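*Asks:* sharing a model that was predicted from the sequence below.
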Amino acid sequence: MSVLESKAKHAENVSAGGSPAGDVRLCDIRNIGIVAHIDAGKTTTTERILFYAGRTHRLGNVDEGNTVTDWMIQERERGITITSAAITCFWLGKCINLIDTPGHVDFTIEVERSLRVLDGAVGVFCAVGGVQPQSETVWRQADRYNVPRLAFVNKMDRMGADFDRCVSEIRTKLHANAVRVEIPIGKEDGFKGTIDLLERKAHFYDEASSGREVEVTEIPEELKVEAESAREELCEKCADADDETAEKYLENPDLSAEELRASLRRSVVAGKLVPVLCGSSLRDKGVQQLLDAVVWYLPSPEDRPPVEATDLKTEAKVTRDCDAGAPLTSLVFKIATDPYVGRLFFVRVYGGILKKGQNVFNPRTRKRERVMKLVKLSADEQTEVEALRTGEIGAIVGLKQTTTGDTLCAEFQPCYLERITVPEPVMSIAIEPKSSADKGKLQDSLEQLAAEDPTCQVRVDEETGQMILSGMGELHLEILVDRLRREFKCGANTGKPMVSYYETVSGTGKSDFLFDQTVGGKRLCAGVTVEVSPRKRGSGYAVEVAPAAKRGLPDERLAGNIEQGLTNGILTGVLARYPMTDVLAKVTAVSVTDEEAATDVAFVTAAVMGFREAAKAAGPELLEPIMSLDIVTPPEYVGDIMGDINGRRGAVRDMTMRGDMQIVRADVPLAELFGYATAIRSLSRGRAGYTMEPGAFAEVPRTVREQLLNR
């Protein structure tokens, strides 16, 4: 299909109200996400997509707080995306289910769980900033789930924009096989349009119609040599990535637009190429070609390989075809609270059909749940439907015991999908109700927030009795407290932000613990042998009861009580009551001298106490979050900034030049970064800027550990 034909199809779509009649075929669905570093222009790009597709009739503006996908009051006040929003539009007869994700590192879980269920993604890059820290993070997240991608270099009209440098950074920093399918006509103030390398045509965008009208002309004479060179590179890369194209390329190196388009689609779906486009979303240039690329190159649900699951009964790996006739297999990837309908459970259907009123099976709880209502989502609006078919994304109303990451499947063929990776919180605050009457309401509200957001964790400090709210950063905690006040009408007093430390073990430890006490005139007696060992850093904790130990129990269900006891011990730690991580707790043997005394409480208590003894013998250590810090500064301030980093227990990883600015990358403990924004402004006279994101957890130095334990 030529560009001119695609524009004609678009005109038909808009005149028809933006959506074709009838049910949408599976091959005509595109489930995509917009991902990027903060301020790269994701939401502005999304607003232009909706406008050109006829989904909206005005252009939303982030600065004016009137965008469709940034619907939360906190998003509109701050001009940032906080929660991923789903919306549907149509282009060239294809149904595009679009999710606009946050770029701020504090809300990285929104990107993680969106990419978990999407079939394709558009990475938006700033033409000035290039590949920035959060760009690398979201790209790694997409790599984790093998999501095919396009790249859109935005802000080509900005001072310092450099398309070729941005493409080079995508190749070197992200290790992506990026290939240009467009090149810009001019840059910075002189950016006028784009050149389609496949069609050998120039596109100029009419500002009077907000870019709706596109003038397609021959390539300007002064750019023909550059365009032909770029097209030759495109043909070569397509031939290298695709065997079918290689045969045609050997016969005739000048491949046609149709041959290149088909080749690019095969290579993108296979994850071998990343087509790169360019434009300026704010100036209404290049987004229509991006929509074309989404339709032409990104996969439909049926283009993706069958989803892999684990059979609940045999623990064997199984696959579920993307087919309406397959057993129901779906994943709950997000929970949100709606003031009118209650909790919404966002779900992606991988196989079968999810129908209103049917019973579904949750392999985690091993219980049935009833689907009371099904809706399709459009930002903060819902449309009720009778069913969600294979490949579709929607939400369920009425579930009771389901959490983020749960699989909902057919009971006669139960299986569970890979759960969503949740990062550990790095910062916390003490929180308490404004009055004793608000205590129950605060606890209920915090439980709802924690159910919606897995990176929001709530615990009670056993020593002080304080309620501790943990999150991914100061902004994340600020938003959570603000939501408590506005959405849940629940006021709370909060303390100063604190670093969320964790405990781990450096070696192995073992404990034989016998709990034997009389409580309330009843004897409680249970014995356990607990072994504690370290796990790979970043892998979290695990608990298990060995098969031999299970056989020694008078009742199999007691194994669950033992696991609960081990978990309780891990969550309360042994050094300073911080939660433990990267540790394996295993009960290898049990002893039962009196079956009547071997109660649930006895085994829970024995497991907790036995774990603590074993953990103390395994060399417990404190872990602190280390942040990856990227500083952009004029070269004359590099010395002072590096000296300040060293004084904060940081280590510089590397330094590079970007134009006339120096980029300093360093790893610095989060505990040393409170108030850093003020410090760096002072060091550079306000000319340097920085971004940071969680990097890893590392052992606390001995001197700092002693201070923490004795404070």
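*Replies:* Sure thing, it's come through. Numbering: from 1, shown residues only.

*Asks:* from now on I want contacts and neighbour counts done on CA atoms only, so please keep to that.
*Replies:* Fine.

*Asks:* and the spatially closest residue to Gln466 that is not a sequence neighbour, what pLDDT?
*Replies:* Closest residue to Gln466 apart from its sequence neighbours, by Cα to Cα, 6 or more residues apart in numbering: Val460 at 5.6 Å. Looking at Val460, its pLDDT is 81.

*Asks:* same question for Trp71.
*Replies:* Trp71 carries a pLDDT value of 49.

*Asks:* quick one, what contacts the residue nearest to Asp119 when sequence neighbours are not counted?
*Replies:* Among residues not flanking Asp119 along the chain, Asn31 sits closest, at 5.4 Å (Cα to Cα, 6+ apart). Asn31 makes contact with Ile96, Asn97, Leu98, Leu118, Asp119, Gly120, Ser300, Pro301 under the criterion Cα atoms under 8 Å, 6 or more residues apart in numbering.

*Asks:* the residue lying farthest from the centre of the chain and Pro635, how far apart?
*Replies:* Distance to the chain centre peaks in the chain at Gly521, reaching 52.3 Å (criterion: Cα atoms, centre = their mean). According to Cα to Cα, to the nearest Å, Gly521 stands 75 Å off from Pro635.

*Asks:* same question, Val499
*Replies:* Separation of Val499 from Pro635 (Cα to Cα): 32 Å.

*Asks:* just Thr314 next, same as before
*Replies:* Separation of Thr314 from Pro635 (Cα to Cα): 61 Å.

*Asks:* more neighbours: the two, which one.
*Replies:* Neighbour count, other Cα atoms under 10 Å: between Thr314 and Pro635, Pro635 has more, with 15 against 8.

*Asks:* how about that one: what's its closest non-neighbour residue?
*Replies:* Gln662 (5.5 Å).

*Asks:* give me the phi and psi for Pro414.
*Replies:* phi -70, psi 140 (degrees, to the nearest 10).

*Asks:* so what touches stretch 656-665?
*Replies:* Residues external to stretch 656-665 that are found in contact with it (Cα under 8 Å, 6+ apart): 628-635, 638, 652-655.

*Asks:* start to end distance for that stretch?
*Replies:* Taking Cα to Cα, the first and last residues of stretch 656-665 lie 9 Å apart.

*Asks:* figure out how far it is from the centre of its chain.
*Replies:* In terms of Cα atoms, centre = their mean, to the nearest Å, the centre of stretch 656-665 is set 28 Å apart from its chain centre.

*Asks:* what residues of it count as buried?
*Replies:* Across stretch 656-665, burial judged by 16 or more other Cα atoms under 10 Å covers Gln662, Ile663, Val664, Arg665.

*Asks:* which stretches of the stretch 401-550 of the chain form strands?
*Replies:* 407-409, 415-417, 427-433, 457-460, 467-471, 492-494, 498-499, 502-505, 509-519, 522-534, 542-545 (DSSP state E, counting those that start in this stretch).

*Asks:* what of the stretch 151-300 of the chain?
*Replies:* 178-180, 182-185, 193-196, 201-205, 214-217, 274-278.

*Asks:* distance to Lys285, mean neighbour count and mean pLDDT added to those strands, as CSV?
*Replies:* Converted to CSV, these look like this (distance: least, Cα to Cα, whole Å; neighbours: other Cα atoms under 10 Å; pLDDT from 0 to 100):
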stretch, distance to Lys285, mean neighbour count, mean pLDDT
strand 178-180, 17, 23, 96
strand 182-185, 10, 23, 94
strand 193-196, 7, 24, 94
strand 201-205, 6, 21, 93
strand 214-217, 9, 15, 91
strand 274-278, 9, 26, 96
